[in-house]
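Student: Build me a model from this:
(chains A, B and C)
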Amino acid sequence: MPGHPAMIALLLRDLKLATRAGGGFGLGLAFFLIVCTLVPFGVGPQAEMLSRIAPGILWVGALLACLLSLDRIFALDFEDGSLDLLATAPMPLEGAVAVKAAAHWITTGLPLVLAAPLFGMLLHLPARAVPYLLISLLIGTPALSMLGAFGAAITVGLRRGGLLLSLLVLPLYVPTLLFGAEAVRRGAAGMDATTPLVFQAAITLLTCALIPFAAAAAIRINLR
Amino acid sequence: MSLLSVHDLAVARGGMRAVEGVTFTLGAGQALILRGPNGIGKTTLLRTVAGLQPAVAGRIEAAPDAIAYAAHADGLKTALTVTENLRFWAQVFGRAEIAAAVEAMNLRDLTGRPAGTLSAGQKRRLGLARLLVSGRPVWVLDEPTVSLDADSVALFAGAVRAHLGQGGAALMATHIDLGLPEAEVLDLMAHRASSTGRVVKPAGFNEAFA
Amino acid sequence: MSIWEYANPVKFMRISGAALPWVVAGAAICTLAGLIWGFLTPPDYKQGASVKIMFLHVPAAMMAINCWLMMLVASLIWIIRRHHVSALAAKAAAPIGAAMTLIALVTGAAWGQPTWGTWWEWDPRLTSFLILFLFYLGYIALWEAVENPDSAADLTGVLCLVGSVFAILSRYAVNFWNQGLHQGASLSVASGERMSAVYRYPLYLCMVGLFLLFLSLLLIRTRTEIRIRRTAALQAREGRP
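Tutor: Reported below is the predicted structural model:
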């Protein structure tokens, strides 16, 4: 497969950069923790109330934490010229986009998935909902990273792109959020959550299959 | 045999046709230096040749994966070391060998240093070493000698000469004399869209409505 | 003669200029007549006089969706065939579509208050329109944010394609998430309980009126955009900024 080693090299470089000083690794996780801390301050400490809204809070918190680091996916590479070079490298730009979204998921989405059950305890999430939370986040967060990469690709050359990025990306997150939170809610209520999980998986697969082409097109437009 | 052939090329900058009627051919061992005042469209022309921008008119013929482009920004990550930076770009371009490039750009003593701690000239040398590891025959260079001192300019000229000697070619925009007497010079003033005697033709979206 | 000839700016300006007075007159007559006729209909036995909001609500909601469809088609034409008028028509349509969505939402709220006893309900249809409104906002904001007109047209085109897919996905996701109170499509021929003719004919008239209103606003806005581009291009030719 041509371009394969190049894509692995890009993935490893992005992971390395994220974990080095100034890479911003862990910021999303800290933000997620803050959201889960602030919500009880806002709605009151009653366990019964928190346990009812926990699925939604955890999903919205994970989504916002993911949003926080989206502009970094392409902005730094745009500034230092890496994006020009990647666009002329012997690797399809679509592949580079997919790899960079994957790196974003590994450094931002995956830690959120792993931390979510812990933060669920803060919000009195019922124990039987925890597997559903894990699975729905595991299925859904890759779509968040990929759609985020699309938003980042559209806004990469813009001044004040950050706010616009949120405005463009958040409506795209609606289906993933709806099915994800619904699965956890059903899990918490002891109901069967297969249907929302299957729909969510379908959306993630569709996103991963189609969005790299749209994002690569947006990058080519922005590089001209 | 020509490595890069440009025929009657016109490029636009900021919605205006900048230069037009540019024609040249680069064969193995040939170098061409573009000259012209700031803003005439040298960068735009080079980006068009590199395939990053569409041409307004004309043809560009080059073998696929022949062109290595280097601009003002070097594509370097400050948090990675010199070796890590070079090895990454070597892998992206499907090559493993970086020692020769380190040697040629005199970076041997700096290999373990993070790129962020290098001086401007050292960074520039690292950026040029990236060109070497790409292994591509046609170098398209935008102001390659910015922030280089006299010794480094000579080092760079030597690298270009070695590249030409190995059957490569180079297209460069530069203001200073590189000490490459064999390089031809193309003055873009003669191709400026406003000086060719015709009405300046703007390009781009709005022009469709004029 | 090909339909694409109308994508030529000069031809578009000439024909749209000739058609515009008729379209505007038609929009004014149909909308006013439809709304007045609708206002004079007898109150519904269940919903009372509040049913008359329908004559604005339903056509606005239809145009809100159809406007996005029109933008999708225009974006595809721009991306595939590079007709500049098409890109500008998509740009010109977006604020009209956003306004139609807003009208549908506000009239929906005003109708919901007497009927369901609440101004806002997270009903699938209302929620879908709220999401559609967000898509319109993002699309408009992207046109505003990108300075290079070629890039703006291309990027908004890509956003419109991706947005359409996710707007449809959201529609079905929202349906799954909350079954809702909203009544179904009362106009569909297949459905058993059809709306009585007393309401149906003024409603048809309002639909035609709002469609013509959309068309006249679209033509006016597209013509303005074309004139702005023409001015900018002529200024660029003379070397002025």
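Student: can you pull the contacts of residue 175?
Tutor: Unless you meant another one, I'm taking chain A. Residue A:175 sits next to A:199, A:203, C:166, C:169-170, C:172-173 when contact means C-beta atoms under 8 Å, 6 or more residues apart in numbering or on different chains. Heads up, the C-betas are built off the backbone N, CA and C, glycines and all.
Student: other chain: chain C
Tutor: Residue C:175 neighbours (C-beta under 8 Å, 6+ apart): residue C:124.
Student: neighbours around residue 97, how many?
Tutor: The chain I'm using is chain A. When neighbours are counted by other C-beta atoms under 10 Å in any protein chain shown, residue A:97 registers 27.
Student: I was thinking of chain C, sorry if that wasn't clear
Tutor: Every residue meeting other C-beta under 10 Å relative to residue C:97 is counted, giving 26.
Student: before we move on, which element is it in?
Tutor: helix C:84-116 (DSSP states H and E).
Student: so does that helix get close to chain B?
Tutor: Yes: for helix C:84-116 and chain B, the contact criterion (C-beta under 8 Å from any C-beta of the partner chain) is met by C:84, C:87.
Student: So for the host helix or strand of residue B:4, what gets flagged as buried?
Tutor: Residue B:4 is part of strand B:2-13, with elements assigned from DSSP H and E. Residues B:3-4, B:6, B:9-13 are the ones in strand B:2-13 that count as buried (16 or more other C-beta atoms under 10 Å in any protein chain shown).
Student: so what does it touch, helix or strand wise?
Tutor: strand B:16-27, helix B:42-49, strand B:57-62, strand B:169-173 (3 or more C-beta pairs under 8 Å, 6 or more residues apart in numbering or on different chains; DSSP states H and E).
Student: Buried deepest among these, which one?
Tutor: strand B:169-173 (a mean of 25; mean count of other C-beta atoms under 10 Å in any protein chain shown).
Student: how about that one, does it get close to chain A?
Tutor: No: interface with chain A: strand B:169-173 contributes nothing (C-beta under 8 Å from any C-beta), its closest point being 13.8 Å away.
Student: Tell me the helix or strand right after that strand.
Tutor: By DSSP H and E, the next helix or strand past strand B:169-173 is strand B:184-187.
Student: What strands line up against that next one, and which way round?
Tutor: strand B:31-35 (parallel) (DSSP bridges).
Student: pull the CA atoms of the strand it pairs with into PDB?
Tutor: C-alpha atoms of strand B:31-35 as PDB (Å, rounded to 0.1, in the frame of the first residue of the first chain):
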ATOM      1  CA  ALA B  31      18.900  25.900 -12.400                       C
ATOM      2  CA  LEU B  32      16.700  28.900 -13.000                       C
ATOM      3  CA  ILE B  33      16.600  31.900 -10.800                       C
ATOM      4  CA  LEU B  34      13.400  34.100 -10.700                       C
ATOM      5  CA  ARG B  35      14.000  37.800 -10.100                       C
END
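Student: what angle do it and strand B:16-27 make?
Tutor: Here strand B:31-35 points in a direction 160 degrees away from that of strand B:16-27 (axes from the mean of the first three to the mean of the last three C-alpha atoms, to 10 degrees).
Student: Check which residues of strand B:31-35 are buried.
Tutor: B:31-34.
Student: Show me what from chain C comes close to chain A.
Tutor: So far as C-beta under 8 Å from any C-beta goes, chain C lies against chain A at C:131, C:134-135, C:137-138, C:141-142, C:145-146, C:150-151, C:154-155, C:158-159, C:161-163, C:165-167, C:169-170, C:172-174, C:176-177.
Student: ok, of the residues you listed, which come out buried?
Tutor: C:131, C:134-135, C:137-138, C:141-142, C:145-146, C:150-151, C:154-155, C:158-159, C:161-163, C:165-167, C:169-170, C:173-174, C:176-177.
Student: filter the residues you listed by proximity to chain B?
Tutor: Among these, chain B is touched by residue C:150 when using C-beta under 8 Å from any C-beta.
Student: Just put the buried residues of strand B:2-13 in CSV and tack on pLDDT.
Tutor: Listed next are the buried residues of strand B:2-13 as CSV, based on pLDDT from 0 to 100:
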residue, pLDDT
B:3, 86
B:4, 88
B:6, 87
B:9, 88
B:10, 86
B:11, 86
B:12, 81
B:13, 77
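Student: Now render these as a markdown table, adding distance to residue B:139.
Tutor: Converted to a markdown table, these look like this (distance: C-beta to C-beta, whole Å):
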| residue | distance to residue B:139 |
| --- | --- |
| B:3 | 10 |
| B:4 | 10 |
| B:6 | 15 |
| B:9 | 18 |
| B:10 | 23 |
| B:11 | 19 |
| B:12 | 24 |
| B:13 | 22 |
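Student: circling back to that earlier point, out of the helices and strands packed on strand B:2-13, flag the one nearest residue B:205.
Tutor: Of all the helices and strands packed on strand B:2-13, strand B:16-27 sits nearest to residue B:205, with 12.3 Å by C-beta to C-beta.
Student: Next, the angle from the closest one to strand B:2-13.
Tutor: 170 degrees.
Student: helices and strands around strand B:16-27, which ones?
Tutor: By 3+ C-beta pairs under 8 Å, 6+ apart, strand B:16-27 packs against strand B:2-13, helix B:42-49, strand B:57-62, strand B:169-173.
Student: Find out how far that strand is from the centre of the chain, if you would.
Tutor: 15 Å (C-alpha atoms, centre = their mean, to the nearest Å).
Student: quick check: longest helix of the chain.
Tutor: Assuming you mean chain A. Longest helix of chain A, by residue count under DSSP state H: helix A:194-223.
Student: let's do chain C instead
Tutor: Max-length helix for chain C by DSSP H is helix C:197-237.
Student: now residue B:57: how far from chain A?
Tutor: With distances taken as C-beta to the nearest C-beta, to the nearest Å, residue B:57 is found 16 Å from chain A.
Student: what do you get for residue C:35?
Tutor: Residue C:35 is 32 Å from chain A, by C-beta to the nearest C-beta.
Student: Let me know the pLDDT of that residue.
Tutor: Listed pLDDT for residue C:35 reads 92.
Student: Also residue C:184?
Tutor: For residue C:184, the pLDDT comes out at 59.
Student: May I ask you to confirm that residue B:140 is in contact with residue B:62?
Tutor: No: counting by C-beta atoms under 8 Å, residue B:140 does not reach residue B:62; the two are 9.6 Å apart.
Student: intersection of neighbour lists for these two?
Tutor: The contact lists of residue B:140 and residue B:62 share residue B:49, where a contact means C-beta under 8 Å, 6+ apart.
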